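Okay, sequence plus prediction incoming.
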Amino acid sequence: GQQLNQSPQSMFIQEGEDVSMNCTSSSIFNTWLWYKQEPGEGPVLLIALYKAGELTSNGRLTAQFGITRKDSFLNISASIPSDVGIYFCAGQPPTDSWGKLQFGAGTQVVVTP
Amino acid sequence: DGGITQSPKYLFRKEGQNVTLSCEQNLNHDAMYWYRQDPGQGLRLIYYSQIVNDFQKGDIAEGYSVSREKKESFPLTVTSAQKNPTAFYLCASSMGGLAFFGQGTRLTVV
């Protein structure tokens, strides 16, 4: 079920700006994942985080696993039009070691030229 | 290529009909899932399966049924009992905390 708080709900930014979004939970997670979904398509995995404090980059994307294990952040630097989409966070709680994830509601990103 | 394949991409159903959405994976993943996504909303879990011949209800299982006779396949049937079936349906599989999604099936009731 959906128990993660993801914010902001939407962002309207100009090309070249940086984007930041985050997910928080009242409970700890073993893994944090970030996905991007384009209209009419399934979510695509962007970044996976496995340890508290971990900072991982994928091109212009950088994500961090919060020290408390209850939050995660995603940053997109120097946004371009193809960054448009919905970004979802997902977390794997310790009680579901086989992989059942909890999802945030998503952040809609709109990039204007 | 390895991955998850959903079919069809678009599906139209008349009221009162059952329809089955296909999901096949060749990633050798044990766990598979079905999610429903409505416009502007996140993912809601319908059913999940950790292993062949076993599956569990998710948060919104009413009006849906599944089977898991093979590791590779996890079909979802949307029954006539589902009163508002128009939505985007996503299948996923996972192993070791990583989940991968299919391309989705958009179901419309006509």
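Looks like it came in fine. The shown structure was predicted, so the numbers you read here are calculated from the model rather than taken from an experiment.

any chance you could map the strands in chain A?
Under the criterion DSSP state E, strands of chain A are mapped to A:5-7, A:10-14, A:19-24, A:31-37, A:44-49, A:55-58, A:61-65, A:71-76, A:85-92, A:102-103, A:107-112.

actually chain B, not the one I wrote
With DSSP E, the ranges of strands along chain B come out as B:4-7, B:10-13, B:19-25, B:31-37, B:43-51, B:54-57, B:64-66, B:76-78, B:87-95, B:98-101, B:105-109.

Single out the most deeply packed of those.
Scoring the strands of chain B by mean neighbour count under mean count of other C-beta atoms under 10 Å in any protein chain shown gives strand B:31-37 as the most buried, with a mean of 25. (Each C-beta comes from the backbone N, C-alpha and C, glycine too.)

Could you see whether chain A lies near it?
Yes - using C-beta under 8 Å from any C-beta of the partner chain, we find that strand B:31-37 touches chain A at B:31, B:33.

Show me what that strand is packed against.
Judged by 3 or more C-beta pairs under 8 Å, 6 or more residues apart in numbering or on different chains; DSSP states H and E, strand B:31-37 is in contact with strand B:19-25, strand B:43-51, strand B:87-95.

same thing but at 10 Å, please
Strand B:31-37 makes packing contacts with strand B:19-25, strand B:43-51, strand B:54-57, strand B:64-66, strand B:76-78, strand B:87-95, strand B:98-101 when contacts are defined by 3 or more C-beta pairs under 10 Å, 6 or more residues apart in numbering or on different chains; DSSP states H and E.

Taking their axis directions, that strand and strand B:43-51 sit at what angle?
Here strand B:31-37 points in a direction 160 degrees away from that of strand B:43-51 (axes from the mean of the first three to the mean of the last three C-alpha atoms, to 10 degrees).

quick one, strand B:31-37 and strand B:19-25 angle?
Here strand B:31-37 runs at an angle of 130 degrees relative to strand B:19-25 (the same axes, to 10 degrees).

can I get the CA coordinates of strand B:31-37 in CSV?
Extracted as CSV, the C-alpha positions of strand B:31-37 are listed here (Å, rounded to 0.1, in the frame of the first residue of the first chain):
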residue,chain,number,x,y,z
ALA,B,31,7.7,-12.1,-6.9
MET,B,32,5.2,-10.5,-9.2
TYR,B,33,2.6,-7.8,-8.6
TRP,B,34,-0.4,-6.0,-10.2
TYR,B,35,-1.0,-2.3,-9.6
ARG,B,36,-3.8,0.0,-10.7
GLN,B,37,-3.1,3.6,-11.5
